[in-house]
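Here is my input; please provide its structure:
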Amino acid sequence: MSDDRYLTFALCKGRLASKTLELLEQIGITCEEMKDKNSRKLIFVNEELKLRFFLSKGPDVPTYVEYGAADIGVVGRDTILEENRNVFEVLDLGFGKCRMCVCGPGRAAELLLHHERIRVASKYPNIAKDYFYNKKHQTVDIIKLNGSVELGPLVELSDVIVDIVETGSTLKENGLQVLEEICPLSARMIVNPVSMQMETERIKSLVNDIRKKLERA
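Numbers count the residues shown, from 1 in each chain. You can find the predicted model right below:
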């Protein structure tokens, strides 16, 4: 590839973007433009290192990376699993740790044991479907919600929910608990497959630098 090509990063807005930029700074990659909180720019550039950055909503990050609008993305593993895009997951960045779990009132544990047909509410219908159909071999009705999924069992919309659990305090406050753990989650770095071939050296070097930094931390 020519030396004047920019490597483009898509970062998930919010905490993950801040943590990613902190990590990149530690290996000598900065983008001063992004520190200007009043900037209305959508794309931020480091001319010296030939890098571009933009922020997007989590679910869009794998889409930008799959289609090559971004070479590299940083997003939670929950989003990678739910979106199921054609991207390479190259690095666990170790922050944003939490778990994807099946949760509900204590009495619902019985329903999970006997493979009964139950209703499952989730913001993550694909993850829920994969878990119940392919791992538990249990037939369920999946209801997609966008807001507070904890409401599902409370208003008898669903028997259980599939959701991200960090501390579990919201569950406790609403009389719910973790019934089964589906998988651990954290922020991951993903790469476009074509970029991986065309920019192998630059991307491998970047990934190795970050990996070494994480190992020393």
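
How about the spatially most central residue of the chain: which residues does it bridge to?
Most central in the chain under CA atoms, centre = their mean is Gly76, positioned 1.7 Å from the mean C-alpha point. Taking DSSP bridges as the rule, Gly76 bridges to Ala187.

Offset the numbering so it begins at 33, please.
Okay, residue one is now 33; in that scheme the one you just asked about reads as Gly108.

low-confidence ranges in the chain?
33-36 (pLDDT under 70).

mind listing the helices for it?
In the chain, the helices defined using DSSP state H lie at 47-58, 93-98, 109-115, 141-145, 157-161, 183-186, 201-205, 225-230, 232-248.

who does the shortest one touch, helix- and strand-wise?
I take that to be helix 183-186. strand 192-197 (3 or more CB pairs under 8 Å, 6 or more residues apart in numbering; DSSP states H and E). Yep, even glycine has a C-beta here, placed from its N, CA and C like the rest.

Now with 10 Å, please.
Here helix 183-186 touches strand 130-136, strand 150-154, strand 192-197, going by 3 or more CB pairs under 10 Å, 6 or more residues apart in numbering; DSSP states H and E.

Also the third one?
Taking 3+ CB pairs under 10 Å, 6+ apart as contact, the helices and strands that helix 109-115 lies on are helix 93-98, strand 104-108, strand 120-124, strand 130-136, helix 157-161, strand 209-217, strand 219-223.

Repeat that for the last one.
Contact partners of helix 232-248 among helices and strands, from 3+ CB pairs under 10 Å, 6+ apart: strand 39-44, helix 47-58, strand 104-108, strand 120-124, strand 219-223, helix 225-230.

who's in contact with the residue nearest to the centre of the chain?
Counting by CB atoms under 10 Å, 6 or more residues apart in numbering, Gly108 makes contact with 44, 48, 90-91, 93, 114, 125, 127-130, 132, 196, 217-220.

shouldn't Glu225 be in contact with Val97?
Just so we're on the same page, residue 225 is Pro rather than Glu. Yes: counting by CB atoms under 10 Å, Pro225 touches Val97, with 9.3 Å between them.

still on that earlier bit, can you list the helices and strands packed on helix 183-186 in CSV and add mean neighbour count and distance to Phe164?
As requested, the helices and strands packed on helix 183-186 are exported to CSV (neighbours: other CB atoms under 10 Å; distance: least, CB to CB, whole Å):
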stretch, mean neighbour count, distance to Phe164
strand 130-136, 22, 9
strand 150-154, 21, 7
strand 192-197, 25, 8
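
Great, nothing more from me.
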